[in-house]
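Participant: The following comprises the amino acid sequence and a computationally predicted model.
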Amino acid sequence: MSPSRKKTTVEVEGRDLTLSNLDKNLYPEFTKGEVIDYYVRIAPVLIPHLKDRPATRIRWPDGVDGGKFFEKNAPSHTPEWIRKANVPTPGSASGRDSLDFIVVDDLPTLVWCANMAALELHVPQWKVGTRGKLHKPDLMVFDLDPGAPARIVEACRVA
């Protein structure tokens with residue numbers, strides 16, 4: 001087995017997760033293992049922003065230099081302990097009226113997403129209750145993506 005195909009099992013807050021391809025480059029300077037480590041370190045700050053919100057994941061299985069795809073519906077291999085919320089998706093390209101979104105409420109779910117090369121986690125401005133009820137929006141987000149000739153410094157000034 002090549003080094004990039006090796007799998008390792010870790011325990012994260014009482015959940016066993018099988019991580020794979022930890023030495024695969026997801027960014028030019030960072031491997032999947034380093035991305036997972038980063039997610040673990042920022043989890044105390046990140047998870048409160050994700051909690052109770054259905055997540056659309058943008059996955060980059062071949063890294064940022066490869067292709068990406070949007071994933072809203074929880075894949076069939078999603079562990080049973082990951083919280084899912086059935087959310088209406090009118091006008092969905094899949095033709096379905098609703099999809100089962102993953103809700104990133106805890107560190108094991110965040111690590112699972114990172115292992116799936118979900119480098120972007122997008123959540124709505126509203127929450128979903130524990131029994132699936134959709135709540136009214138409770139925050140507003142401004143997405144400031146600078147483009148040339150602007151830099152992130154100018155975006156910070158605008159913010």
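Facilitator: Received the coordinates, thanks.
Participant: For the nearest residue to Leu119 once chain neighbours are set aside, give its distance to Val35.
Facilitator: Nearest in space to Leu119, with sequence neighbours left out and distances taken as CB to CB, 6 or more residues apart in numbering, is Trp60 at 5.0 Å. Bear in mind the C-beta positions are built from the backbone N, C-alpha and C, glycine included. Using CB to CB, to the nearest Å, we find Trp60 at a distance of 10 Å from Val35.
Participant: cool, Pro28 as well?
Facilitator: Pro28 sits 12 Å away from Val35, going by CB to CB.
Participant: same thing with Trp112?
Facilitator: Taking CB to CB, one finds Trp112 at 13 Å from Val35.
Participant: Can you pull up the most central residue in the chain?
Facilitator: Nearest to the geometric centre of the chain sits Leu121, at 3.6 Å (CA atoms, centre = their mean).
Participant: mind pulling up the phi and psi values for it?
Facilitator: Main-chain dihedrals, Leu121, degrees, to the nearest 10: phi -120, psi 110.
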